[in-house]
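Novice: with the input below, show me the fold.
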Amino acid sequence: MKKIAKKALCILLVALLLVSIPLAAGAKSVNKTPIIFIAGINSSSLYLNKGTENEKQAWMPSVDNYEEVINFFKGLTKLEDRGYDYDSYMKDVFVPFLQKHMEDLRCDGNGNSIQNISIDYTDQPYSQNAIARSKGGIQSDVMKIAADTIGGDRVFRYSYDFRISVMDHLHKLRAMVDHVKDVTNSKKVRIIAVSMGGAVLNAYLNTYDHDDLESVTFLSSAAEGTNFPAEMFSGEVQLDRDTIAPCLNRLIGLVPSALIASLETAINEINELWSGDRITYFYNTWIKDYLGKWCGLWNLVPSERVDECIDFMLDKEADAGLIAKIKQYQSCQDNLHNVLDKCKKDGVKVYVLSSYNVNGMPFKGNDHQNDILIDTEYCTLGARAATFPQKTLGDNYKQEVDDGKERVSSDNIVDASTCWFPDQTWIIKNMVHCMFVEKTKDGEPDQTGQFFKWFISQTDEVNVESNEKYPQFMDYTKSKGSLVKLEPVVIENPEEEGANGQYISSAVTVYTYSQITALGWALIAAIVVLLIVLIAKKKGGKPQIEGVLTKEEIKALPKSERKAAKKQNKARIKEWKKEQKAAKKARKAELKAMPRAERKAAIKADKAAAKAAKKAAKLAAKEAKKAAMAAKKAAK
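Specialist: Numbers count the residues shown, from 1 in each chain. Next comes the predicted model:
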């Protein structure tokens, strides 16, 4: 009997073992390869004279400065009652205020920090890194999700001084890669580049080999730049009061209402304060000497717009060192596609996580689809996107690259077929920049966080078809924490304005995050810049406008006719400006519709033509002046 029992037990154990083998084989293990997050702009505090008795925080604003900011914007109202005119307020209050709070952060003509500025840098893992846990900013949740998924001792954060060139600190990132491999006993690491971190990763891949990288992920990335800094540095940013309101609405829940109220009241003074010589004064005394010397901001300018921005902003001799650094990174942008192709060929996985339909920059002409900060065409590495808001690619639009798969979003706003890596590019509608969230405000699991957890857990290469829950295009509802496949919204009334007969973009979502203090400050900084950077006109030869008399020609007229001639001149100049504005707008739309390679060539050609026209205008003015002087001499 005992023998029978023993045999039965053995058979049972063997059966259990045989059953457990396929079960174990079918179970998916979590990818434990360590992750280095490259942080974005504004995610690190900057300190002056750190480690000395004179140490002070230079960035981000302290509470005292914050209260001063509120009072400063309140001061923009009722200037006359406070004894100021607009000129004196600009020179005696506005510019000195900004200079005072930004003086420690200035850089020189070589793009180097003038003061002794440093950051809270550590190569400790997330589990031991109090800075990453408390000051991760908009990257806090993604790092926490990663730590909970693969272990806090296998998650690391690379931070840097966002003002200086991304090329200047790559040796530290190289050292961190080696350090992480060593302390985790790993042969490879994964890098997830967040926001401006994409520019850092771009520079890194162009500088070092990728043998020790398992994968690279561009998350809401600015590796290719974005239009906002280019608009600012080329003189095209103008405030749009109608777009400021929704932008302020997005700040609700991010910052106290007192600051929002002070910004709203300040807007009422914009038209008067930012006009004429006051713009020129502000631009020359603050923007060019402060923001214009931050090479980190220049690294966010798209490659095809770098040259025009340099011409507008910088002195070729005094800023030669800075220009050289800007050009150095520009070459990395131009070569990124080739570098990533080589990475994939050598077995490095390349992924892109992006979003759209949450525009936030309140300036005229900002019709680029983006995630509040980074334009869709750039953060997706190449997608074609319709203008914002609620516009589509068109009724008869067909995806540009036919690869046998449906790559156009069901709302007809984004075409992913032009992405460099369409199979590994996820695009989420209505999700704010970088905001993969762990939990909803009610404490329930947020599906963006669940998607990110699934994404980093995978050991094998995945694509947009690997999990039916997470297709290429998804729709996010913040209030519910839901993330679902993007579906078309059928228009009930085809006659409704803006309808295209098939789809309509859903309304822009209002976000009230308490978790994204850093994003709040980033938006405040953007609004401050927008409130003050209304661009001065370039100096140079004035164009000869047909039908407009020169000063000399007016002087030659009888006195009785001069007044009417001047009035006619003003009317013609006004008409000419309208014509130029319309032509510029049309050309901009024309360029935007072009494939990117053609757009670069067209921009270059336009620039050459503009330069030639400017030269011709100067020559014509010179010849006209000579002729007038000769006529005057002959008359005498």
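Novice: for the rest of this, base every contact and every neighbour count on C-alpha atoms.
Specialist: OK.
Novice: show me the domain layout of this structure.
Specialist: 37-532, 551-635 (automatic domain parsing).
Novice: tell me the mean pLDDT over the shortest one?
Specialist: Domain 551-635 shows an average pLDDT of 75 in the prediction.
Novice: which of the domains of the chain comes out lowest on mean pLDDT?
Specialist: domain 551-635 (a mean of 75).
Novice: possible to save the domains of the chain as CSV with distance to residue 545 and mean neighbour count?
Specialist: Formatted as CSV, these follow (distance: least, Cα to Cα, whole Å; neighbours: other Cα atoms under 10 Å):
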stretch, distance to residue 545, mean neighbour count
domain 37-532, 21, 19
domain 551-635, 7, 13
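Novice: output the ones you listed as CSV; include the columns distance to residue 29.
Specialist: Formatted as CSV, the domains of the chain follow (distance: least, Cα to Cα, whole Å):
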stretch, distance to residue 29
domain 37-532, 7
domain 551-635, 41
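Novice: quick one: the helix of greatest length in the chain to chain centroid distance?
Specialist: Counting residues, the longest helix in the chain under DSSP state H turns out to be helix 596-635. Mean-position distance between helix 596-635 and its chain equals 35 Å (Cα atoms, centre = their mean, to the nearest Å).
Novice: then stretch 113-124?
Specialist: Taking Cα atoms, centre = their mean, one finds stretch 113-124 lying 23 Å from the centre of the chain it belongs to.
Novice: ditto for stretch 344-358
Specialist: Chain-centre distance of stretch 344-358: 17 Å, with Cα atoms, centre = their mean.
Novice: what lies in contact with that stretch?
Specialist: 210, 213-221, 340, 343, 369-372, 375-376, 379-381, 388-389, 421, 424-434, 461, 508-509 (Cα atoms under 8 Å, 6 or more residues apart in numbering).
Novice: which of the residues you listed fall in helices?
Specialist: Using DSSP H, the subset of the contacts of stretch 344-358 located in helices is 340, 343, 376, 379.
Novice: residue 195: which of those residues is nearest?
Specialist: residue 379 (8.5 Å; Cα to Cα).
Novice: ok, that closest one to residue 322 distance?
Specialist: Distance, residue 379 to residue 322, by Cα to Cα, to the nearest Å: 26 Å.
Novice: ok but residue 554 is inside a strand, no?
Specialist: No - assigned with DSSP: H, G, I helix; E, B strand; the rest coil, residue 554 falls outside any strand and is helix.
Novice: list of residues touching stretch 199-216?
Specialist: Contacts for stretch 199-216 (Cα under 8 Å, 6+ apart): 33, 38, 166-167, 170, 173-174, 187-193, 221-225, 299-300, 329, 332-333, 335-336, 339, 343, 347-351.
Novice: same check, this time on stretch 288-306
Specialist: 102, 105-109, 111, 162-166, 196, 199, 222-230, 233, 313-314, 322, 325-326, 329-330, 333-334, 600, 603.
Novice: out of these, list just those in helices.
Specialist: Filtering these for helices - DSSP H - leaves 102, 199, 227-230, 233, 313, 322, 325-326, 329-330, 333-334, 600, 603.
Novice: just checking, what packs against the longest helix of the chain?
Specialist: When contacts are defined as 3 or more Cα pairs under 8 Å, 6 or more residues apart in numbering; DSSP states H and E, helix 596-635 packs onto helix 559-593.
Novice: if we use 7 Å, what do you get?
Specialist: Packing partners of helix 596-635 (3 or more Cα pairs under 7 Å, 6 or more residues apart in numbering; DSSP states H and E): none among the helices and strands.
Novice: could you give the angle of that helix to helix 559-593?
Specialist: If you take axes from the mean of the first three to the mean of the last three Cα atoms, to 10 degrees, helix 596-635 sits at 170 degrees to helix 559-593.
Novice: among the contacts of stretch 344-358, which ones are in strands?
Specialist: 213, 214, 215, 216, 217, 218, 219, 425, 426, 427, 428, 429 (DSSP state E).
Novice: grab the nearest non-local neighbour of the most centrally placed residue in the chain.
Specialist: In the chain, the centroid-proximal residue (Cα atoms, centre = their mean) is residue 374; its distance is 3.4 Å. What sits nearest to residue 374 in space, not counting adjacent residues and going by Cα to Cα, 6 or more residues apart in numbering, is residue 226, at 5.4 Å.
Novice: what of residue 54?
Specialist: residue 48 is the one closest to residue 54 (Cα to Cα, 6+ apart), at 7.8 Å.
Novice: please tell me how far the one you found sits from residue 199.
Specialist: Distance from residue 48 to residue 199, by Cα to Cα: 25 Å.
Novice: now do residue 86
Specialist: 40 Å.
Novice: cool, thanks, talk later.
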